[in-house]
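Colleague: whatever this is, show me its structure:
(chains A and B)
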Amino acid sequence: MADKGKLSRRKFLEIAGGAAVLGGLYSITFQDESAPAKPRLRPAPAPAGADIVAVEGAPTDYAAITERAINEMGGIERFVKKGDRVALSPNMGWMRTPEQAAATHPDVLRKVVEMCERAGASRITCIDYTLDDWQMAFDICGANAAVKGTKATLLSPTDEGMYREVDVASFVPAKTSEGAPYDCVHRANRLVQKVPREILEADSFIVMPIVKDHEAATITISMKKLMGNIWNRKDYHRYGLHPCIAELNMALRPTLILADATRVLQTRGPKGPGEVTIPNQVVAGVDPVAVDAYCTRFLTVKQITPDQVQHLMLAAQMGRGQIDMDKLKIKEISGANA
Amino acid sequence: MASEPGNAGARWIIALRRATQVITFAAFVLLFFGTTEPSVQRASVPRGFFMSLDFLNTLKNAIASHHVAVYALGPGLLILLLTLWGGRIFCGWLCPLGTSIDIADRLLFRKGRLFYNPKRTETRRYRNWKYLYLLIGLGAIVFGVDLLTFGDPLSLITRTFALCFYCPFAYVWNGAIGLGDHLGILRAVARITGVDMNSWRLVPLAFFNAWPALLMFIGVIGLSAYQERFWCRNLCPYGALLALLSRFAVLRHYVSKEGCIHCRKCEGLSRMGAYENLDKRVQDPIEHNIGECIQCFRCETICPPDVIQIQARMPGRSPDAVKPEPQADIDMGRRRVLAAIGVGMLWGATARANAGNYLGKMRRYAKNNRAIRPPGALPERQFLSACTRCAECMKVCPTNGLQPALLETGPEGFWTPLLTPAIGPCAEKCTACGDVCPTHAIRPFSWQDKRFKLKLGLANVNQSTCIAWNGGRDCVVCAEVCPYSAVVFRDKMDDGLAKDDTRPITDPGNRGKTKRVPTVDEKLCTGCGICEYHCPVLPEHSIVVYTMQEDRDFRPAQEGPLDGFVRPHWQSRKSAGKDTEYEATREEYKRRQDAASPGGPSSSTGGPL
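Modeller: Okay, the predicted model is just below:
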């Protein structure tokens, strides 16, 4: 056998072809998808009954008032269908205890997770790209304990491979609703934004912010909360938070917004520790501008009004939602069972 | 098999040795991955086990600090006793670097393999290099200059694994998980078993300056093409130390001269070239050099007339007791020994007298103001002599912030850890590097110590690039992320900004606007670099940590001859008053917490905040 140990052409081609296939298969794990993704989230259903529901209850009733607020919005089944993949976006990115009001209350989180489970969600992921160390942050803010025993998983997508690019600028109108030209910051500065695939591939996206003061963005409620998920946050600070937040909200449209105003961080936000008040309320809605505008009333210490918050004004001008409280149907309820 | 020469019983010993090598190596790899963050927090693995087998580390630390660390003696002392009984069993049976060399040998250098060289087993030159290296190193360590650490086998293999092997492995492993994610396999697994394999991702680390470690490892392996186990024969300083001890070993090779047919098989197949003088003077006694032998037992299995016996006989009293083979002297005169020590001391003294170490009042600090040491690091001088450059701290650092130095702290600081906040900051409640450091060059510390008793440096705001200082934009990232409340915002009137952005600044009455600008409180700042890491100004961050005001006189809670390394200098210097010195910081911190929290004064400064 003179040829023993030598490579025949056929063998060589087989090996080369196999390696190419395997390599190609493997390489897709590192590649960015060439085309920007579009969120495949289900559009938020039209409000039934009221645009905004605010429920107040005792500190022991946070779970109950959460359930009541969602039920008043038409029930969780309107937002989460059977077999849906649900992405929850609570605040859980800080190493702060629930009393310090930097993160969504664990009771509220747990109740929403349970309701999603009951509605038949196939997969529930709580996402927050944390600034503090994610393990300790999840632990200290109570999120770990809140999802224990449920099928929800916590995720801090710290790896760029878990994100996909979204062309935010394509969602932003060229003119505001009043007809004035609008210069899209994402387009003008060629900002590239990436959103976790968990959110882009989810059917239902429930944003669960806590109402807080924010020293740079004035407030951080549902619109600012979306910044807790994206990859490239540094450029947002660089090119101005307010227009960037407003534009991001044009692209990412939550199915349901549940603002946790049970405890409100009034000063030194978003991380605190600062002054905390306890309004004991949970606010539900589908319009981020309306919910945020409504929730500014909880920021009593700095007495913030919606017109002081630039990203609310911008988003309202772009037609993302209604900032005028007079034009909204608001249902204010006291007690979970009343 | 019956026709094979040699002692059948010894083949079992060879099988035992191979099994031991495989098991030890597997244990090494397991412990290696067992010490990666986040596993370091979860499981209480005996992290420092392999490094504690390294008596050379303990020895040189003892010389450098003039104190014997009784705590560190344990397993290393056992290795010494093992060597006194059986010679360099450690090298042949246990050392993970030796096993790596053996594995590479099998894959690359054996007959029929790529780099086969029939002569490589018979070569016995350069043997004294390892003794010279050891002596020079011991001479230099008297002045605290550690040369042995580059060649120390356990440091070398750990460092190579951490800097060169872990990163690509994590990359491929995470890529495989990502592939499963893309193809939907993980989702299926999660649906069926409820296991979210996304959480199995390893911390993806990446290191500057990994290539010198890789080159060194490739060199160690590659030299085996010239001589089998070239590194262990000629260069390994720990091998040299064990070789000196093993001259008194009990487990010896006995060769009966009558049966020997002078086939030279033992000489050719000895891994370390331990047999000598078989060809030149046939009538002379065969010399087996126990100092070079690693007890691999190959000679006993291949001897055709089976005249080689490896036995542990206590030295006999009677004159007719069987004598082991005579030992060849180490071919080094007294003059060369003294010269080697002298060269080492000259080297150490010269390096120690380097002007870079003396910058007037600042002489305690490294001259490079970006050379931030990990928390708990000893004062620079002791740190350089204690750090064994095993890169364990860099591997466990969850943020990847610890990076190997090249020449930032001088040639003595090669491969020592530097905190590079732009890559990763020092996470607030992480104590991993202090937990794993095998020589306590990074002393074990608690996260409260990090807040009140250590100072890595001080953050500085560059006002020309900061977007709040310069552009007047709202950006509070550094204050937002600072876990120590050390970044404070101030309102400042800036005449260079327009009051109303829509009108030009030259309009009358449009000049001057209040902006919120970050400043750093030097009392509370610990220099952890979280602000630098998160600063949105790129690529040169606007808030940057420098080593100024760094404080490394930290004294850990546990310290003493039985439970830690004793470092006399810093102990005596700061034996009094560290806590009182930080009382002001503690008070200040508490005052701010109280002012900020609604429920009145907080009772604890130590609890989670």
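
Colleague: in which helix or strand would I find residue 25?
Modeller: All of this is about chain A. Here A:Leu25 sits within helix A:9-27, counting by DSSP states H and E.

Colleague: that's the other chain; I wanted chain B
Modeller: B:Phe25 belongs to helix B:8-34 when assigned by DSSP H and E.

Colleague: mind giving me the packing neighbours of that helix?
Modeller: Where contact means 3 or more C-beta pairs under 8 Å, 6 or more residues apart in numbering or on different chains; DSSP states H and E, helix B:8-34 is packed against helix B:49-52, helix B:96-104, helix B:298-302. Where you see a C-beta, it was placed from the backbone N, CA and C, and this is true even at glycine.

Colleague: strands of chain B, start to end?
Modeller: B:251-255, B:275-276, B:287-288, B:308-312, B:402-404, B:417-419, B:458-461, B:487-498, B:511-520, B:543-546 (DSSP state E).

Colleague: any chance of those in a markdown table, plus mean neighbour count and distance to chain A?
Modeller: Shown next, in a markdown table, are the strands of chain B (neighbours: other C-beta atoms under 10 Å in any protein chain shown; distance: least, C-beta to the nearest C-beta, whole Å):
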| stretch | mean neighbour count | distance to chain A |
| --- | --- | --- |
| strand B:251-255 | 19 | 39 |
| strand B:275-276 | 22 | 35 |
| strand B:287-288 | 21 | 39 |
| strand B:308-312 | 17 | 36 |
| strand B:402-404 | 25 | 15 |
| strand B:417-419 | 26 | 16 |
| strand B:458-461 | 22 | 15 |
| strand B:487-498 | 14 | 7 |
| strand B:511-520 | 17 | 7 |
| strand B:543-546 | 24 | 13 |
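
Colleague: do you know how far B:Arg127 is from B:Asn234?
Modeller: Distance of B:Arg127 to B:Asn234, computed by C-beta to C-beta, to the nearest Å: 6 Å.

Colleague: so the two - more neighbours on which side?
Modeller: B:Asn234 (25 against 21; other C-beta atoms under 10 Å in any protein chain shown).

Colleague: now do the same contact list for the more buried one.
Modeller: B:Tyr126, B:Arg127, B:Trp129, B:Lys130, B:Gln227 (C-beta atoms under 8 Å, 6 or more residues apart in numbering or on different chains).

Colleague: ok so, going back, ok and the helix holding B:Phe25 relative to helix B:96-104, angle-wise?
Modeller: If you take axes from the mean of the first three to the mean of the last three C-alpha atoms, to 10 degrees, helix B:8-34 sits at 110 degrees to helix B:96-104.

Colleague: off-centre distance for helix B:8-34?
Modeller: Relative to the chain's own centre, helix B:8-34 is displaced by 23 Å; criterion: C-alpha atoms, centre = their mean, to the nearest Å.

Colleague: next one: stretch B:528-538
Modeller: With C-alpha atoms, centre = their mean, you get 27 Å for stretch B:528-538.

Colleague: wait, does that stretch contact chain A?
Modeller: Yes - applying C-beta under 8 Å from any C-beta of the partner chain, one finds stretch B:528-538 touching chain A at B:His534, B:Cys535, B:Pro536, B:Val537, B:Leu538.

Colleague: mind saving the C-alpha coords of that stretch as PDB?
Modeller: The C-alpha trace of stretch B:528-538 is given here as PDB (Å, rounded to 0.1, in the frame of the first residue of the first chain):
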ATOM      1  CA  CYS B 528     -12.600  51.000  42.000                       C
ATOM      2  CA  GLY B 529     -13.000  52.400  38.500                       C
ATOM      3  CA  ILE B 530     -16.700  51.600  38.000                       C
ATOM      4  CA  CYS B 531     -17.200  55.300  37.000                       C
ATOM      5  CA  GLU B 532     -14.400  55.000  34.500                       C
ATOM      6  CA  TYR B 533     -15.900  51.800  33.000                       C
ATOM      7  CA  HIS B 534     -19.300  53.300  32.600                       C
ATOM      8  CA  CYS B 535     -18.300  56.700  31.400                       C
ATOM      9  CA  PRO B 536     -19.900  57.300  28.000                       C
ATOM     10  CA  VAL B 537     -17.000  59.300  26.700                       C
ATOM     11  CA  LEU B 538     -15.000  57.100  24.400                       C
END
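
Colleague: for that stretch, buried residues please.
Modeller: B:Cys528, B:Gly529, B:Ile530, B:Cys531, B:Glu532, B:Tyr533, B:His534, B:Cys535, B:Pro536, B:Val537 (16 or more other C-beta atoms under 10 Å in any protein chain shown).

Colleague: A:Leu314 and A:Gly240 touch, don't they?
Modeller: No - A:Leu314 is beyond contact range of A:Gly240, at 10.3 Å (criterion: C-beta atoms under 8 Å).

Colleague: do stretch B:384-399 and chain A meet?
Modeller: Yes - with C-beta under 8 Å from any C-beta as the measure, stretch B:384-399 is seen reaching chain A through B:Pro398.

Colleague: mind checking the end-to-end distance for that stretch?
Modeller: Terminal residues of stretch B:384-399 lie 23 Å apart, using C-alpha to C-alpha, to the nearest Å.

Colleague: just how off-centre is it within its chain?
Modeller: Offset of stretch B:384-399 from its chain centre (C-alpha atoms, centre = their mean): 5 Å.

Colleague: give me the distance between A:Ser89 and A:Leu7.
Modeller: From A:Ser89 to A:Leu7 the distance is 55 Å (C-beta to C-beta).

Colleague: residues near the closest residue to A:Thr300 other than its chain neighbours, how many?
Modeller: For A:Thr300, ignoring the flanking residues on the chain, the nearest one in space by C-beta to C-beta, 6 or more residues apart in numbering or on different chains is A:Thr277 at 6.4 Å. Using other C-beta under 10 Å, A:Thr277 has 17 neighbouring residues.

Colleague: how about B:Cys393, what does it touch?
Modeller: Contact analysis of B:Cys393 by C-beta under 8 Å, 6+ apart lists B:Pro374, B:Leu402, B:Pro417, B:Ala432, B:Cys433, B:Val436, B:Cys437, B:Ile442.

Colleague: also B:Lys60?
Modeller: Counting by C-beta under 8 Å, 6+ apart, B:Lys60 touches B:Gly137, B:Leu138, B:Ile141, B:Asp146, B:Leu148, B:Thr149, B:Ser385.

Colleague: hmm, the third one is touching B:His66, no?
Modeller: Think B:Ile141. No - B:Ile141 is not in contact with B:His66 according to C-beta under 8 Å; the separation is 11.1 Å.

Colleague: okay, those two: which has more neighbours?
Modeller: Remark: of B:Ile141 and B:His66, B:Ile141 carries more neighbours, 23 against 11, as counted by other C-beta under 10 Å.

Colleague: gap between that one and B:Glu392?
Modeller: 20 Å.

Colleague: dump the residue contacts of the residue most central in space within chain B.
Modeller: By C-alpha atoms, centre = their mean, chain B has its centre lying nearest to B:Cys390, at 1.2 Å. Applying C-beta under 8 Å, 6+ apart to B:Cys390 gives the contacts B:Met51, B:Leu154, B:Ser155, B:Thr158, B:Arg159, B:Ala162, B:Pro438.

Colleague: would you confirm that the third one contacts B:Phe50?
Modeller: In this case it means B:Ser155. No - counting by C-beta under 8 Å, B:Ser155 stays clear of B:Phe50, with 10.0 Å between them.

Colleague: pLDDT at residue 35, what is it?
Modeller: Picking chain A for this. Listed pLDDT for A:Ala35 reads 66.

Colleague: correction: the question concerned chain B.
Modeller: pLDDT, B:Thr35: 77.

Colleague: since that was my last question, I'll sign off now.
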